[in-house]
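**Student:** Can you look at this prediction? I've put the sequence above it.
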Amino acid sequence: MAESSLFQSIPDSGHKYYLQFTTEDYRSRENAGSCLATVLYPKKSSPPVVNIKCTHTKDQKKIQEEDNRLYQKIRHQTKPITGNNIPDSYGNIEPALEPVWALAVAGSSYIMWGKSTENVGYSMAQVKSARQWIRRDDFIEFDYTVLLHEIPTQEIISCHMRLTWLPGHHSLKVKYFCASENDAFEDGSGTESGSAAGTSHERGANF
């Protein structure tokens with residue numbers, strides 16, 4: 001949960017929340033910074049409108065270096081990377097599949113953001129399958145099937161996600177569709193440069 005929050009009801013628009021919270025590195029669980037955000041849930045059925053500003057405790061140059069190491073590790077594979085059931089039923093992730101998991105965490109956050117409502121949230125439960133596509137340009141591209149845990153219904157939602165990434169130059173691009181929706185890709189791409197290695201999460205909450 002957010003460390004603090006304020007609520008405002010805006011006539012004819014919806015409910016607006018003012019949040020202050022901390023973030024953490026999804027791998028090391030170290031404090032990654034603090035954020036201030038406003039989240040407007042429109043009365044009509046549509047994704048929340050979010051404005052956010054964060055102060056990072058982790059050095060941005062270090063994040064870029066980690067991104068580049070992750071990118072190079074994936075880029076220099078001689079064969080397409082494939083994987084299933086990440087993590088496994090015991091919660092373990094093979095070291096060779098950690099980069100695949102890192103990208104899935106970053107990409108699925110766009111799905112959770114787009115599907116969340118004022119009363120329903122999501123967390124990522126598992127990558128059921130992952131497949132890398134070899135490209136002639138510098139981009140990395142993966143197809144994923146991810147399982148999302150819907151809260152509070154406790155349902156598991158299956159979503160197909162296509163992700164492309166080139167660190168430092170282009171935002172993370174995500175297109176997806178979920179089993180409960182029409183079979184048409186939705187664009188969940190970010191508007192800023194994407195980072196997989198530096199992905200951080202709000203403590204105790206998921207969009």
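**Tutor:** Noted; the coordinates are in hand.

**Student:** Setting aside sequence neighbours, what's the nearest residue to residue 127?
**Tutor:** Nearest residue to residue 127 in three dimensions, chain neighbours excluded: residue 86, at 4.1 Å (CB to CB, 6 or more residues apart in numbering). Backbone N, C-alpha and C define where each C-beta goes, glycine included.

**Student:** Now do the contacts for that neighbour.
**Tutor:** By CB atoms under 8 Å, 6 or more residues apart in numbering, the contact list for residue 86 reads 93-94, 97, 100-101, 104, 126-127, 130.

**Student:** can you check residue 96 too?
**Tutor:** residue 81.

**Student:** so it sits in a helix?
**Tutor:** Yes - assessed with DSSP: H, G, I helix; E, B strand; the rest coil, residue 96 lies in a helix.

**Student:** which SS state does residue 72 fall under?
**Tutor:** Following three-state DSSP, we place residue 72 in the helix state.

**Student:** where's it relative to residue 63, distance?
**Tutor:** Distance, residue 72 to residue 63, using CB to CB, to the nearest Å: 15 Å.

**Student:** Same question for residue 117.
**Tutor:** From residue 117 to residue 63 the distance is 31 Å (CB to CB).

**Student:** Pick out whichever of those two has more residues nearby.
**Tutor:** In this view residue 117 and residue 63 are compared by other CB atoms under 10 Å, and residue 63 has more residues nearby, 19 against 12.

**Student:** what packs against whatever helix or strand the more buried one lives in?
**Tutor:** For residue 63, the element it lies in under DSSP states H and E is helix 60-75. For helix 60-75, the packing partners by 3 or more CB pairs under 8 Å, 6 or more residues apart in numbering; DSSP states H and E come out as helix 98-115, strand 140-151.

**Student:** Let's see that with 10 Å instead.
**Tutor:** helix 98-115, strand 140-151, strand 156-165 (3 or more CB pairs under 10 Å, 6 or more residues apart in numbering; DSSP states H and E).

**Student:** Fine by me, thanks again.
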